[in-house]
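A.B. asks: One predicted model, sequence on top.
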Amino acid sequence: MANKHVLLNNVDHHNIKIITERSARYGDDVSFVMTFPLEFRRIQSCYPIFFRKDANTGNFSPIALFGFEPRENLYLSDDGWDAQYVPLMIQRQPFLIGLQRVEGEGDATKPVVSIDINSPRVNESEGEALFLEHGGTSDYLAAMTELLETIRLADEMNTDFVDALLKLDLIEAVTMQVELKDGSKHEMLGYYTINEEKLDALDSETLGELHGHHYLDSIYMILASLSCFRTLVQKKNDQLSAQ
Amino acid sequence: MSKPVNTVVVVGGGTAGWLTAGLLAAEHQPLQKSGPRIVLVESPDVASIGVGEGTWPTMRTSLQTMGISETDFIRRCDASFKQGTRFAGWLDGRDESYYHPFALPQRFHEIDLARHWQPLREKISYANAVTPQTMACDHALAPKQITTPEFASNLNYGYHLDAGKFAKFLEEHCVGKLGVTHILDNVVAVNAADNGDIKSLSTRSSGTIDGDLFIDCTGFAALLIGGHYGIPFCSKQDYLFNDRALAVQVPRSSPHETIASTTLSTAQRAGWIWDIALPARRGIGYVFSSAHTDDDEAEADLRRYIASTAGDAASESCSPRKITFNPGHREKLWHRNCVAVGLSGGFVEPLEASALVMIELSAKMLSEQLPANRSVMDIVAKRFNDKFLYDWHRIIEFLKLHYVLSRRDDTDYWRDNRDAKTIPSDLQESLELWRFQSPRYQDLSHVDELFPAASYRYVLYGMNFETEGPDERRRSDIATRATAEGLFSDNIRRTTQLLKALPTNRELIGKIHEFGFQKI
């Protein structure tokens, strides 16, 4: 069913529960999600980080990669999500944070939480309740709201991070050729990474500036994450052998 | 020792002047220590003619060379994407039309697809069989997506642009980024040196401007090449009759109106009407032969066209601007230390948008071969003249091709155009040959032909010209048949994919204004 995001409220959504299990059934069958420097440390130990362009805007975002084909998530198994850390953009489902204009205050906006009421996670019998029986929000919803607020701030920081990299020509296209155990070859297009040559050539003043914004950490975390690409190929090969 | 070329003076601040100054400055870097001076003198009183609004794909390279961002250019110049020209009513004067797209046929240099297309001619048009571009143009699609890097393409493209805004945009870039010196003043005298070169220009209030090389971008006025040197003009009106144009700008009635992907050229009783799609307006004009119609009749035809495509109100409210010209070019373009670039060098009807590309090519050669000193200048001048006189010759021949294939019999204009006396003899010979073999690169003598054999094929087969098909007795025809069939089905597959993936021009322009292209 198509997504349908509505503003969350304690009247219409009082009895809703959210299934938090990880499964393709609940929409976790995605091959990548957007990620943010503030979770890079945890991401890079499990997933390769690349940049991709948003199809609608052409803007770059860092992403964590889960598979080689659309809807292939090699971290999903029958037992759930097989990794130490689940990315924020997966954890947030089925919620979304947006900005709403505050009436009568010109351009002022405030963050608001929406829910995809068509998500298969949304039901009234199993999972985590959002609201308490006699009023008030559940600890689960409180935690989700906090997570969404983190995402909102992290997203703003992403834009600055990417702009800084683009300004220094530090992003370059990368074409990955993957040969699998069964002999099949896959060419992955539309992925971008850090241009190490340009990075190495930066003068100390520029490096200092990058460091000052904590961008240097993030850059090296992206480079370090690339070793997980091998993990991903391994997972794919394991899957092929199991078939 | 011979005098080094240290100062280049460009006279004229239209598109020709700024493009030339910009391309020269990008290569020779006046901002570097000991770099040459590049000066552009522009009269504050002379308005630019400003009708050069269709480019070739070459403009992408020119903009890139000058270090211009495509996003800035599109936003500032009200630009859109042009993927070729659609010719309507040229064959029979009815609703029929054909395309001359910018994309080359698939694997053009390896296989003669035109030959294998001949047996299919009743089923599919030549252009639709060999490139996905024409179907994309049918749907007013863009040649790329927002995720495509700037200047890169899914389908080859140039631009439609607002000439006035473009000249202003180039001026800012040339002065602000490339170090071109801009003098806003009227030239009152051209001063000769003892050897006959131009020594300097006297201006009304900025004193004397000395220079080693002078570039005449003064438009039809041709202040230096014509006014000072009196280099004769070669009229080509015997071949190309059109000598007048009526031009208007028609605003968009809604911000959602479709932006066509090609220049539309609609044949009329005594000429043709151009229709150039910009995001905010259309540029429309009737270019015609004064020997075959008069201004009043032409204006009535133009208003009728506008009424039928933009409504009666638009037709009644516009006031056409009249441009008179003599089709042809100067006997030579580089004389002594003076080079004519743009209208001062020559002009013919804009049927294949040759004006801007000729400026770009002239500026490119000038910047690549800028003579180091006066003693080698004459050698470069000779080569420059050889190249561009040849190009003029080819332009005239290629434009004429559009007319001689017409079957229109409704006016003397079309009948006269088919009169053998008005057809260059080279073209007559080629047409004879092309009945048996498709135009190929051997027919054309230069490696850097302005119009490649592919262009000739698009026009010939768009106009229903018949060439013999594959011959069972020829080895190459049999050997390439399977490949050709593969390429034809490949083209259908690619067309289907692109029609799904590409946004409309309007959608993409909107996104460029909102998000911009990435550089990579």
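C.D. replies: Yes, it's here. Numbering: from 1, shown residues only, chains lettered A, B, ... in the order given.
A.B. asks: C-alpha from now on. contacts and neighbour counts both.
C.D. replies: Fine.
A.B. asks: So which bits of the stretch of helix or strand B:Phe166 belongs to are buried?
C.D. replies: Using DSSP states H and E, the element containing B:Phe166 is helix B:163-176. Neighbour counts using 16 or more other C-alpha atoms under 10 Å in any protein chain shown place B:163-171, B:173-175 of helix B:163-176 among the buried residues.
A.B. asks: In chain B, what residue lies closest to chain A?
C.D. replies: Proximity to chain A, evaluated over chain B using C-alpha to the nearest C-alpha, is greatest for B:Thr147 at 4.2 Å.
A.B. asks: correct me, but that residue touches A:Gly58?
C.D. replies: Yes: using C-alpha atoms under 8 Å, B:Thr147 is in contact with A:Gly58, at 4.2 Å.
A.B. asks: check contacts around residue 18.
C.D. replies: Going with chain A. A:121-123, A:126-130 (C-alpha atoms under 8 Å, 6 or more residues apart in numbering or on different chains).
A.B. asks: I was thinking of chain B, sorry if that wasn't clear
C.D. replies: By C-alpha under 8 Å, 6+ apart, the residues touching B:Trp18 are B:40, B:167, B:170-171, B:174.
A.B. asks: any chance of the buried residues of helix B:163-176 in a markdown table, with pLDDT too?
C.D. replies: Output for these, formatted as a markdown table (pLDDT from 0 to 100):
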| residue | pLDDT |
| --- | --- |
| B:Ala163 | 95 |
| B:Gly164 | 94 |
| B:Lys165 | 96 |
| B:Phe166 | 97 |
| B:Ala167 | 96 |
| B:Lys168 | 96 |
| B:Phe169 | 98 |
| B:Leu170 | 98 |
| B:Glu171 | 98 |
| B:His173 | 98 |
| B:Cys174 | 98 |
| B:Val175 | 98 |
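A.B. asks: Chain neighbours aside, what residue packs nearest to B:Asp412?
C.D. replies: Leaving aside its chain neighbours, B:Asp412 sits nearest to B:His292 (7.2 Å; criterion: C-alpha to C-alpha, 6 or more residues apart in numbering or on different chains).
A.B. asks: shouldn't that neighbour be in contact with B:Ala270?
C.D. replies: Yes: contact between B:His292 and B:Ala270 holds when scored by C-alpha under 8 Å: they sit 5.8 Å apart.
A.B. asks: got the contact list for the closest residue to B:Val187 other than its chain neighbours?
C.D. replies: In space, and not counting its chain neighbours, B:Val187 is closest to B:Thr203: 4.4 Å by C-alpha to C-alpha, 6+ apart. Contacts for B:Thr203 (C-alpha under 8 Å, 6+ apart) come out as B:185-189, B:209.
A.B. asks: Could you pull up the residues touching the closest residue to B:Ile512 other than its chain neighbours?
C.D. replies: Closest residue to B:Ile512 apart from its sequence neighbours, by C-alpha to C-alpha, 6+ apart: B:Thr71 at 6.4 Å. Residues counted as contacts of B:Thr71 (C-alpha under 8 Å, 6+ apart) are B:150, B:512-513, B:516-517.
A.B. asks: Is stretch A:178-195 positioned near chain B?
C.D. replies: No: using C-alpha under 8 Å from any C-alpha of the partner chain, stretch A:178-195 stays clear of chain B, coming no nearer than 9.1 Å.
A.B. asks: Alpha carbons of the helix or strand of chain A with the lowest mean pLDDT, as PDB, please.
C.D. replies: One helix or strand of chain A scores below all others by mean pLDDT, DSSP states H and E: strand A:95-101, with a mean of 86. C-alpha atoms of strand A:95-101 as PDB (Å, rounded to 0.1, in the frame of the first residue of the first chain):
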ATOM      1  CA  PHE A  95       7.400   7.700  11.800                       C
ATOM      2  CA  LEU A  96       8.600  10.700  10.100                       C
ATOM      3  CA  ILE A  97       9.500  14.200  11.300                       C
ATOM      4  CA  GLY A  98       8.600  17.300   9.500                       C
ATOM      5  CA  LEU A  99       8.400  21.000  10.000                       C
ATOM      6  CA  GLN A 100       5.100  22.700  10.200                       C
ATOM      7  CA  ARG A 101       4.600  26.400  10.000                       C
END
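A.B. asks: List the buried residues in it.
C.D. replies: For strand A:95-101, by 16+ other C-alpha under 10 Å, it's A:95-97.
A.B. asks: cool, stretch B:223-238 as well?
C.D. replies: The neighbour-count check on stretch B:223-238 (16+ other C-alpha under 10 Å) flags B:223-226, B:229, B:231, B:233, B:235-237 as buried.
A.B. asks: Give me the subset of these that lies in strands.
C.D. replies: The strands in this structure, assigned by DSSP state E, contain B:233, B:235 from those.
A.B. asks: any chance of the buried residues of stretch B:223-238 in CSV, with distance to chain A and pLDDT too?
C.D. replies: Output for those, formatted as CSV (distance: C-alpha to the nearest C-alpha, whole Å; pLDDT from 0 to 100):
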residue, distance to chain A, pLDDT
B:Leu223, 45, 97
B:Leu224, 44, 98
B:Ile225, 45, 98
B:Gly226, 48, 97
B:Tyr229, 50, 98
B:Ile231, 50, 98
B:Phe233, 50, 97
B:Ser235, 50, 98
B:Lys236, 48, 98
B:Gln237, 49, 97
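A.B. asks: per-residue pLDDT, residue 77?
C.D. replies: Picking chain A for this. A:Ser77 carries a pLDDT score of 90 in this model.
A.B. asks: try again with chain B
C.D. replies: pLDDT recorded at B:Cys77 is 97.
A.B. asks: residues contacting it?
C.D. replies: B:161-163, B:165-166, B:169.
A.B. asks: And the furthest pair within these?
C.D. replies: The two members of those with the most space between them (C-alpha to C-alpha) are B:Leu161 and B:Phe169, at 11.4 Å.
A.B. asks: Can you pull out the low-pLDDT segments for chain A?
C.D. replies: For chain A, the stretches flagged by pLDDT under 70 are A:1.
A.B. asks: Now do whatever residue of chain A ends up closest to chain B: how many residues are near it, please.
C.D. replies: Nearest residue of chain A to chain B: A:Gly58, at 4.2 Å (C-alpha to the nearest C-alpha). Per other C-alpha atoms under 10 Å in any protein chain shown, the neighbour tally for A:Gly58 reads 20.
A.B. asks: In three-state terms, label it for me.
C.D. replies: Secondary structure, DSSP: H, G, I helix; E, B strand; the rest coil: A:Gly58 is coil.
A.B. asks: What residues does it make contact with?
C.D. replies: Here A:Gly58 is in contact with B:146-148, B:515-518 (C-alpha under 8 Å, 6+ apart).
A.B. asks: Adding distance to A:Ile63, write those residues out as TSV.
C.D. replies: Formatted as TSV, the contacts of A:Gly58 follow (distance: C-alpha to C-alpha, whole Å):
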residue	distance to A:Ile63
B:Ile146	19
B:Thr147	16
B:Thr148	19
B:Phe515	20
B:Gly516	21
B:Phe517	20
B:Gln518	17
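A.B. asks: Thank you, goodbye.
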